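> sequence? don't have it. structure:
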Ligand SMILES: Nc1ncnc2c1ncn2[C@@H]1O[C@H](COP(=O)(O)OP(=O)(O)OP(=O)(O)O)[C@@H](O)[C@H]1O
Ligand SMILES: [Mg+2]
């Protein structure tokens, strides 16, 4: 036990490990809050689609050798989020088909570009780290960390300020619209927050596992909690605890950060699922 | 006192007109029942009245200071809502949202209003329960309480009794009649002709165009009214 503790202490003496922990916890917190809304709105697929778009943009950014690839990835993803949400409301193009089309397309083109214009000798390792975020999080600069803190703060403040509006738009969009509330504006807010979080989370778990970070804590919380506020809080707690556990375990056992966090989320989901299955029904 | 005047309105989507030649008025205290076959455009009309879907032609005007935002709305239930993890209190309170404006939280007055409406619909003891664990009839009461938080003037209900057992249907009809007596205008879409003629004061019957608008008594003696009542009676055994 003492040995583990000394080992952790040793690792946390490096600033980049501390950065990784801060960023990881913040992203986990934001994505879990958003996840509740996305899952309930039947929008969980949008996270998946957007993360692939972000992967494609990342590939383009590295091909044209942008020094700060965020400058390309962020606007492209936000734009796609807004567009995808629009087509979701359009009756002509099916929303889910549009998402699938864009996400697979972006993934394929991104991979192709990385192959055609390789930046380093080991393409498959490059692709793997972009998809699964295996080492990215340990290469964060102080600028990345501050960017992440800033964006997380924006997301959290938006959540607190718009909590009641987000609830109402999620539960019943047409009622909300009918009472004269500008529901479309809040949908836009949700789309932009989604894009911000996905771009942030790419650094942590890579673009393939983002959906897991968004969906698992929300689904676990919904097993046991029966009020919107309860689900939100529980989901946030689960996500932060799993992220912390995942990061620490990955350091101790030298496993990939992203997959370790997601594995922790899966374990919690299974435990919650078992509890709800055995207790039958749960308290509010 | 007239609240809504619909003049020669036509409703439809990109692929064509659904129903047209709609001419009717709704006055304060009315109980208007909208009848029509599946797909005749009843829900579309509701969306038009709420201002969610503009009419293709014609005019829908709100008079005497009334506005489409003062309509409390009870939608046809969607599957998303049926398993939504939210407490009754959270849902009823969300009816006050339009009163909050840019304020992020509900104030004491709005919480009081939510409580008053829960009391009025007899769901105070359900306050902390989860919406998805309630029976269909209880869920409709919760949504009614929410609608009442949004308005005291007019309620628009889209097939509120669908999926309820006969007893719960009856309770809900009585409750709505009680709200109507307290001065709230009711507009209800219904398939249930017998309770429509029992409770409503006015009937609007639509098909590809407006087939009838007038008082309930006129409807029951009109040709279309009699034939519709007869076929429904036969179908119900
Ligand atoms: N979003 C839409 N886009 C295009 N057409 C639509 C849309 N919604 C409904 N319609 C069409 O408009 C017509 C009227 O639909 P509406 O939902 O108003 O019928 P309804 O009278 O409410 O039927 P029901 O009794 O089944 O509820 C239908 O033919 C339907 O196919
Ligand atoms: Mg309908």
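Nice, I can see it. Since the structure is predicted, the reported quantities are computational estimates derived from the model, not experimental observations. Ligands and ions are numbered 1, 2, ... in the order given.

> Contacts only, for residue B:164.
B:136-137, B:140, B:172 (C-beta atoms under 8 Å, 6 or more residues apart in numbering or on different chains). All C-beta atoms are positioned from the backbone trio N, CA, C, and that covers glycine.

> Can you tell me how far it is from residue B:175?
For residue B:164, the distance to residue B:175 equals 12 Å [C-beta to C-beta, to the nearest Å].

> related to what we said a few turns ago, save the contacts of residue B:164 as a markdown table, and put in pLDDT, secondary structure and distance to ligand 1 too.
Formatted as a markdown table, those follow (pLDDT from 0 to 100; DSSP: H, G, I helix; E, B strand; the rest coil; distance: C-beta to the nearest ligand atom, whole Å):
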| residue | pLDDT | secondary structure | distance to ligand 1 |
| --- | --- | --- | --- |
| B:136 | 85 | helix | 17 |
| B:137 | 86 | helix | 20 |
| B:140 | 88 | helix | 16 |
| B:172 | 89 | helix | 18 |
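
> got those as a markdown table, with neighbour count columns?
Converted to a markdown table, the contacts of residue B:164 look like this (neighbours: other C-beta atoms under 10 Å in any protein chain shown):
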| residue | neighbour count |
| --- | --- |
| B:136 | 17 |
| B:137 | 19 |
| B:140 | 26 |
| B:172 | 20 |
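
> Reformat those as CSV; add distance to residue A:178.
Below are the contacts of residue B:164 laid out as CSV (distance: C-beta to C-beta, whole Å):
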residue, distance to residue A:178
B:136, 22
B:137, 23
B:140, 17
B:172, 20
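
> Going by secondary structure, the residue nearest to the spatial centre of chain B is in what exactly?
Taking C-alpha atoms, centre = their mean as the criterion, residue B:157 is the residue nearest the geometric centre of chain B, at 1.5 Å. According to DSSP states H and E, residue B:157 maps onto strand B:154-158.

> do the same with residue B:21
strand B:16-27.

> so does that strand get close to chain A?
No. Using C-beta under 8 Å from any C-beta of the partner chain, we find that strand B:16-27 stays clear of chain A, coming within 13.3 Å at best.

> Check which residues of that strand are buried.
B:18-20, B:22, B:24-27 (16 or more other C-beta atoms under 10 Å in any protein chain shown).

> quick one: which two of those residues are the most distant?
B:18 and B:27 (25.6 Å; C-beta to C-beta).

> can you give me the helices for chain B?
B:42-50, B:79-82, B:88-93, B:97-100, B:108-120, B:136-150, B:166-181, B:193-199, B:216-221, B:223-235 (DSSP state H).

> Could you do chain A as well?
A:2-12, A:15-40, A:44-63, A:70-89, A:95-116, A:123-132, A:142-171, A:173-178, A:183-224, A:228-253, A:257-279.

> tell me the contacts of the residue lying closest to residue B:3 once chain neighbours are set aside?
With C-beta to C-beta, 6 or more residues apart in numbering or on different chains as the criterion, residue B:3 has its nearest non-adjacent residue at 4.4 Å, and that residue is residue B:66. Applying C-beta under 8 Å, 6+ apart to residue B:66 gives the contacts B:3-4, B:153-154.

> Low-confidence regions, chain A specifically.
A:66-68, A:86-96, A:119-139, A:203-205, A:280-284 (pLDDT under 70).

> Could you do chain B as well?
In chain B (pLDDT under 70), the answer is B:79-80, B:236-237.

> Give me every residue in it lying close to ligand 1.
By the rule C-beta under 6 Å from any ligand atom, the part of chain B lying against ligand 1 is B:13, B:18, B:36, B:38-44.

> Could you save those as TSV and add columns showing distance to residue A:195?
TSV is the format used below for the residues of chain B next to ligand 1 (distance: C-beta to C-beta, whole Å):
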residue	distance to residue A:195
B:13	30
B:18	36
B:36	43
B:38	40
B:39	38
B:40	41
B:41	38
B:42	38
B:43	33
B:44	34
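
> Buried ones from the residues you listed, can you make that a PyMOL selection?
The PyMOL command for the buried members of those (criterion: 16+ other C-beta under 10 Å) is given here:
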select buried, chain B and resi 18+36+40+41+42+43+44
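
> Check the residues of chain B next to ligand 1 against chain A and report the nearest one.
Of all those, chain A sits closest to residue B:13, with 7.8 Å by C-beta to the nearest C-beta.

> where's the residue nearest to residue B:3 relative to chain A, distance?
As judged by C-beta to the nearest C-beta, to the nearest Å, residue B:66 and chain A stand 13 Å apart.

> same deal with residue B:210?
23 Å.
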